[in-house]
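J.: Quick one: sequence plus predicted model below, questions after.
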Amino acid sequence: MPTIPTQAGTVFSFSAEQQQQLYLIIKHHAGILPSSDVATLCQQHDQPVDAILRACLPIAAQFAVAPISQFFVGAIVCGLDSQGEQHFYFGANVEFAQQALSLVVHAEQSAINNAWLNGAKKIIKIAISDAPCGYCRQFMNELADAQSFDILLPKQQFKLADLLPYAFGPNDLGNPYSLFNPAPQQHQFVATAELDKILLSCALSAYVPYSENYSAVKISTFANGDFYGRYAENAAYSPSLSPLQSAISQLHLAGLAMTKDVVKGIELVQTQGKENQLMVSQAVLASYTDLPALQSISLAVKPVAI
Ligand code: THU
Ligand code: ZN
């Protein structure tokens, strides 16, 4: 029987001015509120972590880019890094004007992707400004901590099993691994001389148990550095997050836009013989005007020598 959701009943919220200050701090850290800031906020406001987490949701929603729905969703992963430090990893939905609705990045995907790319090792809680849709429940079911993390809505708290009973997941496809608990790295690229090493290692650490297309995207900017994304697959396939969606979401979490004044170049690296990202990346990019052309690179992989 599903557990009965608890009514947390917290009413703590930040003032508009505090929200604006925090927005700038999070933007400065490209979508992260570091553990020291979380601890300071708890102390300053004499509130538990959950209350601070929920109060940050309207700030997360400020990062949303929703030209179709104008419905701004915020999500935040409360996760532990390799030192056991607890950070907030923000996320927000990203829509692509004049493209298929199915290409949208959901806020939950954005936050989980942000935590994953930034080295979170364990997910403790996921807070969301609105009820998670079925697609996101499925996306969350790919996570190593799917049975344990708490899902916090503004006034309720759940376990994923409450929201997704009789779930379909990695095990149903014979995959013993999960997002945040991947297979040991078994592949390397052949011949990579002049390519960006970060992009390549990003591609090799993609979570691709179903297609084996180790793939990543780099969006380089004129003035704000590079943003990387990597492929995160899902056992139900459709909720998978493409490397381009992953990189675009990261760029937005730094408060930047996909415009020609910002974006200097876009590179996609894929595994030769497994390429499945070119067409979908072009469809996503067709949403923007005047961006530099996508550079697509296919690379052969070979097993890592033991
Ligand atoms: N949305 C999310 O980000 N998460 C959910 O689980 C519910 C829906 C977004 C997707 C789309 O951008 C907008 O809300 C309307 O569905
Ligand atoms: Zn969703």
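T.: That came in fine, so what should we check first? Ligands and ions are numbered 1, 2, ... in the order given.

J.: Show me what from the stretch 1-150 of the chain comes close to ligand 1.
T.: 66, 69, 71, 73, 93, 95, 104, 106-108, 130, 132-133, 136 (Cβ under 6 Å from any ligand atom). Heads up, the C-betas are built off the backbone N, CA and C, glycines and all.

J.: Put the buried members of these into a PyMOL selection.
T.: Buried residues among these (16 or more other Cβ atoms under 10 Å), as a PyMOL selection:
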select buried, resi 66+73+93+95+104+106+107+108+130+132+136
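
J.: Out of the residues of the stretch 1-150 of the chain next to ligand 1, list just those in helices.
T.: 107-108, 136 (DSSP state H).

J.: which one of those residues is nearest residue 44?
T.: Nearest to residue 44 among these is residue 107, at 26.3 Å by Cβ to Cβ.

J.: Tell me which strands the lengthiest strand in the chain pairs with, and in which orientation.
T.: Criterion DSSP state E: the longest strand present in the chain is strand 263-271. Paired with strand 263-271 in the same sheet, following DSSP bridges, are strand 216-221 (antiparallel), strand 294-299 (parallel).

J.: Distance from the chain centre to the last one, please.
T.: Per Cα atoms, centre = their mean, to the nearest Å, the displacement of strand 294-299 from the mean C-alpha position of its chain is 22 Å.

J.: now stretch 198-209
T.: The chain centroid and the centroid of stretch 198-209 are separated by 15 Å under Cα atoms, centre = their mean.

J.: now do the same end-to-end measure for it.
T.: Terminal residues of stretch 198-209 are spaced 21 Å apart (Cα to Cα, to the nearest Å).

J.: returning to that earlier point: now render the ones in helices among the residues of the stretch 1-150 of the chain next to ligand 1 as CSV, adding pLDDT.
T.: CSV is the format used below for those (pLDDT from 0 to 100):
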residue, pLDDT
107, 99
108, 98
136, 98
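
J.: Show me this structure divided up by domain.
T.: The chain breaks down into these domains under automatic domain parsing: 16-173, 187-303.

J.: Any residue of the shortest one touching ligand 1?
T.: No: with Cβ under 6 Å from any ligand atom as the measure, domain 187-303 is seen stopping short of ligand 1, the closest distance being 10.4 Å.

J.: Kindly check the end-to-end length of that domain for me.
T.: Termini of domain 187-303 sit 4 Å apart (Cα to Cα).

J.: ditto for stretch 62-82
T.: Distance between the two ends of stretch 62-82: 28 Å, counting by Cα to Cα.

J.: What of stretch 45-59?
T.: One end of stretch 45-59 to the other measures 17 Å (Cα to Cα).

J.: cool, stretch 254-271 as well?
T.: Stretch 254-271 has an end-to-end distance of 28 Å (Cα to Cα).

J.: And that stretch, how far out from the chain middle?
T.: On Cα atoms, centre = their mean, the centre of stretch 254-271 falls 16 Å from the chain's centre.

J.: Give me the buried positions along that stretch.
T.: Buried residues in stretch 254-271, defined by neighbour count with 16+ other Cβ under 10 Å: 254-256, 258, 262-263, 266-271.
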